[in-house]
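Visitor: when you get a sec, could you give me coordinates for this:
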Amino acid sequence: MPDTGSGTAASKLSALRSLMTEHNLDAYLILSPDAHNSEYVSDCDERRSYISGFTGSAGTALVTKDNALLWTDARYFLQAEKQLDGEYWSLMKMYEPGVPEVNEWISTNLKVGSRVGVDPTTFLKSRAVEWQNDWSKSTPSDGSPTVLVSIRENLVDAMWHDRPEVPMGPIAVHSLDVAGETVTSKLDRVKAAVARSKSDALMISSLDQVAWLFNLRGSDIMCNPLFFSYAVVDCRVVDDAAAPVVAAHIFVGRSADIEGGEGWDDWIGQGVKDHLSDASVAIHPYGSFKTKLSTILSDMAADRKDGAPLTVMVEKTSCSMEIADSITESGAAQIKETETVSPVEKFKSIKNEAEIAGLKSACLKDSGAMVKFLAYLTEHISGGKSGELREAGVCDVLTSYRKDLDGYVGDSFPAISSSGPNSAVIHYKPESGSDEERALSTDEMYLLDTGSHFLDGTTDVTRTTHFGSPSDEQKRCYTRVLQGHIGLAQVVFPRGTPGLMLDTLARSPLWKDGLIYGHGTGHGIGAYLNVHEGPLGIGGGNVPGDVIRVNPRMQAYYLEPIEAGMYVSDEPGYYKDGHWGIRIESDLVAEEVPENGDEESSYFPYGSTGNRTFLRFMNLTRVPMCRKLLDLSILSEGEIKWLNEYHKSVLEAVTPLVADDERALSWLQAETAPL
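Guide: All right, here's what the predicted structure looks like:
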C-alpha cells in the first residue's frame, strides 16, 4: 500500500496552501496518474495518496483556500470513507445523483476568473481544453474565465520531504517466442496506420505501449513490468532509398540526468542495445526528452521540401499538457489527436498466436496454484483451525505455491484477500497486524482477487467461498453472480460488438433480485503487461445513460469493438455493505466461432446471416466455483450443464498439476463432481 508519509491532514493542507499562495492560486488539483497517465504508479508518484491519505488507485483531489475534496468511484467509497480525515476532507462520490464532476464544482463554487494550478505533466491536454471551454461558456460577458495554470514544479513534491526515490530498475528483452512479433514488424504496422491518418510521427507516452512496441519489460512500478520511458516513431512515407536511418527514438532511465550521467550507458545493458539497434531504434536518456524531442522534430521538418510543419499523432487519452505544448513549442510540428486510442494500444490489445499460447500456459499454471491454496484453506479452516489464518498472512501461502512455477515473476496486483465485512470493500487490501485485518473463519464469506505475472502471460482471477454454513441469502446472491458470470462467458456475438452491449448479460440475473454492483464487468488484460489494459471495457450498466452520454472516456472504453484475440476479464459481483461481498472472475480470450464443421452447426443450425463473423469467449481460468454457495433452485438446466462442463474441463486440466498433492487432488475432485 502506498506510504502516505508523515504529517497530519491539517499540516499537509496548510503546507500546500502556503505554496498555493506563493503561486497566486485559488485551487490546486492533485491527480492519481503520473506523467504517463498510468493507473498504478510508483511510490514516488503517489502524490494524491500522500496529500489525502486515500490510497485507492483512482481519484482526484482538489484543494482550495477553504475546502479539500476527493472524487472517486463506487469501487472505493467505503475505503475512502475510512481513510479520509473527515474533519478536513469531503468525499465526492462520482456518478452518484447530485454529485458534480470536478470541473463543474470548480465552475459553481469558485469565483469567476479563479486560477487553478495543475502539474502539466499529469493533466491530459484534451481534458484541459474541455474544461477551459466549459468555463469560458459559463463566464459572464463582462468577466474573465477561470483558468488552468501550469505549475511545472509539482507542489506536492515541493512539500513532500520524505518522498521515495525515483526508481530505475533494469530493462530486459521480452523474447520473441512469447512476444510473437519482432520490433521491426510492429513498427511497420504502426507506421502504416499512422501514415493513413496523414501524420508524420507518433508520440508515445503510455508505459505499457512502449514496452509492447519494443518488446521490453522492466520493474519501475510495483506489480507492473514497466519502465519509465517515452518514444517517438518516424512514420513518414518515403521510398526505400530515402528511408530514415533511425526508425524510432526511445527515452529511458528516469533518475538519470539529461546526459544520462555516469553509468547510464552500462545500465542499459548490451543485450537491450543490440535488440533495439537491430530495429534501428535510437536510445536517449529520459531526462533529455523535452529538449531532444524538439531537435528530432526540427530535423524531420528540415527534410520537408514544402516547408510545412510536421503532423505528430498523439493519443487523446494519454497525451499530457506538457507533451502537447512541447511539440507545438518546437516550432516544427503540430499535434493531431486520435479520436480514441493510438494504433499501438489497439494492436497491443489483440493478442497473436504466441501470446495466446502464453496466456493459456500462464492461466493454467496459476489455476493449479489456486487449487492448492483453496484446498489448504479448506482443510485448515474447516478442520478446526478457524481464526489462526488471517487475510494478509494467507497471501504468503499462495505465493509459496506460485513462486516455483515456471516463468513466475510476481503478483500482477496486490492481492485482495478479504473476509466477512472486508469482502464488501471492492478493492480492500489487507495490512498485516492492522485493526482492519480479519481472521478467516467458518462463519464468514471469503473473497480472494489475485493475479500473477509469468514471462508468458498475466492472470487475474477471483473466487468467493465459504468454509462453514452460508445463509440462504448468501447462496442466492452468489448464484445470481454466478449466473451473470456464465451469461457473459457463454455468449456468442458478432465481431465488433462493444462491451456496453454485453454488460447486460452479466447484470441481468442480479437485477432480477434488485441487486447491483458499482464496477465494470470486464477489463482488458496484458500479455505479461498491465493487469488492467485498454482499450476494451465491458461495463456501463452501473451508471445512468446520461452520465455515459457526456463522458468521452466511458464512451471510448465501453464502445470499443471487441475483436478476436482480445483478452478480457469476466467479473460480476455483489456487495452487502458492512456484511460480505461476492465476486467471481475468470480470464477470457475472444475467438472466432468456426465457420465449418460440426462445431459451427451446433451454434448455427440454419447458418449465420450478415457479413460479420461471430465470436465467442474461450475461458482460460481453471478454478472451481464454490459448490457450497450454490442455490440450485434458481439455476436453469443450461446453466447447470455449463457448470458441469466447466468443472469437467477444470478437473482434466488441473489434475496433472496437483497429482503430487493428495489434499489438493481430493479437494479438486470433490469441488468438480457433477451436479
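
Visitor: please enumerate residues in contact with the one helix or strand Ile640 maps to?
Guide: Using DSSP states H and E, the secondary-structure element containing Ile640 is helix 637-658. Helix 637-658 has contacts (CB atoms under 8 Å, 6 or more residues apart in numbering) with 364-365, 367-368, 371-372, 375, 482-483, 486, 489-490, 619, 622-625, 632, 635, 664-665, 668-669, 671-675. In this view, the C-beta of every residue, glycine as well, is placed from N, C-alpha and C.

Visitor: now with 6 Å, please.
Guide: Applying CB atoms under 6 Å, 6 or more residues apart in numbering, the external contacts of helix 637-658 come out as 364, 367-368, 371, 486, 490, 622, 624, 664-665, 668, 672, 674-675.

Visitor: need the contact partners of the helix or strand following it.
Guide: Of the helices and strands lying after helix 637-658 in sequence (DSSP H and E), the nearest is helix 662-671. Residues outside helix 662-671 that contact it (CB under 6 Å, 6+ apart): 371-372, 375, 378-379, 624, 627, 654, 658.

Visitor: so where is the chain shaky, pLDDT-wise?
Guide: Residue ranges of the chain with pLDDT under 70: 1-6, 239-244, 385-386, 596-601.

Visitor: could you pull up the residues touching the residue positioned nearest the centre of it?
Guide: Per CA atoms, centre = their mean, the C-alpha nearest to the average position across the chain is that of His532, at 2.5 Å. Going by CB under 6 Å, 6+ apart, His532 touches 39, 523.

Visitor: go on, Ile525?
Guide: 458, 460, 531, 533, 567.

Visitor: could you list the alpha-carbon positions for the helix or strand containing Met92 in PDB?
Guide: For Met92, the host element (DSSP H and E) is strand 90-93. Coordinates of the C-alpha atoms in strand 90-93 are reproduced here as PDB (Å, rounded to 0.1, in the frame of the first residue of the first chain):
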ATOM      1  CA  SER A  90     -15.000  15.800   1.900                       C
ATOM      2  CA  LEU A  91     -15.700  12.700  -0.200                       C
ATOM      3  CA  MET A  92     -17.300  13.300  -3.600                       C
ATOM      4  CA  LYS A  93     -19.000  10.100  -4.800                       C
END
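
Visitor: next one: stretch 526-539 to chain centre, how far?
Guide: Chain-centre distance of stretch 526-539: 6 Å, with CA atoms, centre = their mean, to the nearest Å.

Visitor: could I get the full set of strands for the stretch 51-200 of the chain?
Guide: 60-64, 68-72, 90-93, 115-118, 147-150, 172-173 (DSSP state E, counting those that start in this stretch).

Visitor: got these as JSON lines, with mean neighbour count and distance to Asn109 columns?
Guide: Listed next are those as JSON lines, based on neighbours: other CB atoms under 10 Å; distance: least, CB to CB, whole Å:
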{"stretch": "strand 60-64", "mean neighbour count": "23", "distance to Asn109": "8"}
{"stretch": "strand 68-72", "mean neighbour count": "22", "distance to Asn109": "9"}
{"stretch": "strand 90-93", "mean neighbour count": "18", "distance to Asn109": "11"}
{"stretch": "strand 115-118", "mean neighbour count": "20", "distance to Asn109": "12"}
{"stretch": "strand 147-150", "mean neighbour count": "16", "distance to Asn109": "16"}
{"stretch": "strand 172-173", "mean neighbour count": "18", "distance to Asn109": "49"}
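
Visitor: mind giving me the packing neighbours of the lengthiest helix in the chain?
Guide: In the chain, assigned by DSSP state H, the helix with the most residues is helix 353-380. Packing partners of helix 353-380 (3 or more CB pairs under 6 Å, 6 or more residues apart in numbering; DSSP states H and E): helix 391-402, strand 457-458, helix 637-658, helix 662-671.

Visitor: buried ones in the third one?
Guide: This means helix 637-658. The neighbour-count check on helix 637-658 (16 or more other CB atoms under 10 Å) flags 639, 642-643, 646-647, 650-651, 653-655, 657-658 as buried.

Visitor: which residue sits closest to Tyr478, ignoring its sequence neighbours?
Guide: Leu629 (3.9 Å; CB to CB, 6 or more residues apart in numbering).

Visitor: that neighbour is in contact with Lys475, isn't it?
Guide: Yes. In terms of CB atoms under 6 Å, Leu629 counts as a neighbour of Lys475; the distance is 5.3 Å.

Visitor: which residues do these two both contact?
Guide: Overlap of the contact sets of Leu629 and Lys475 (by CB under 6 Å, 6+ apart) is empty.

Visitor: so which residues make contact with the strand holding Met92?
Guide: Under CB under 6 Å, 6+ apart, the answer for strand 90-93 is 69-71, 77, 80, 84, 99.

Visitor: dump those residues to CSV, plus distance to Ala247.
Guide: Shown next, in CSV, are those (distance: CB to CB, whole Å):
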residue, distance to Ala247
Leu69, 46
Leu70, 44
Trp71, 41
Phe77, 47
Ala80, 45
Leu84, 48
Val99, 48
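
Visitor: what's the farthest-apart pair in the residues you listed?
Guide: Among those, the pair separated by the greatest distance (CB to CB) is Leu84 and Val99, at 15.2 Å.

Visitor: ok, those two, which is more surrounded?
Guide: Leu84 (21 against 13; other CB atoms under 10 Å).

Visitor: residues contacting that one?
Guide: Going by CB under 6 Å, 6+ apart, Leu84 touches 54, 91.

Visitor: what values do phi and psi take at it?
Guide: phi -70, psi 140 (degrees, to the nearest 10).

Visitor: what do you get for Val41?
Guide: Torsion angles, degrees, to the nearest 10, at Val41: phi -120, psi 160.

Visitor: from here on, count from 32
Guide: In the new count, where the first residue is 32, that last one comes out as Val72.

Visitor: hang on, isn't it packed against Asp65?
Guide: Yes. Using CB under 6 Å, Val72 makes contact with Asp65 at a distance of 4.5 Å.

Visitor: pairing partners for the strand holding Met123, with directions?
Guide: Strand 121-124 has its sheet partners listed here by DSSP bridges as strand 99-103 (parallel).

Visitor: who touches the partner strand?
Guide: For strand 99-103, contacts defined as CB under 6 Å, 6+ apart pick out 44, 83, 85, 87, 89-93, 111, 119-123, 125, 133.

Visitor: with just CA atoms, put that strand into PDB.
Guide: Backbone C-alpha positions of strand 99-103 (Å, rounded to 0.1, in the frame of the first residue of the first chain) are rendered in PDB as follows:
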ATOM      1  CA  ALA A  99     -10.300  19.800   0.400                       C
ATOM      2  CA  LEU A 100     -12.300  17.400  -1.700                       C
ATOM      3  CA  LEU A 101     -11.700  13.900  -3.100                       C
ATOM      4  CA  TRP A 102     -13.500  12.400  -6.000                       C
ATOM      5  CA  THR A 103     -13.500   8.600  -6.500                       C
END
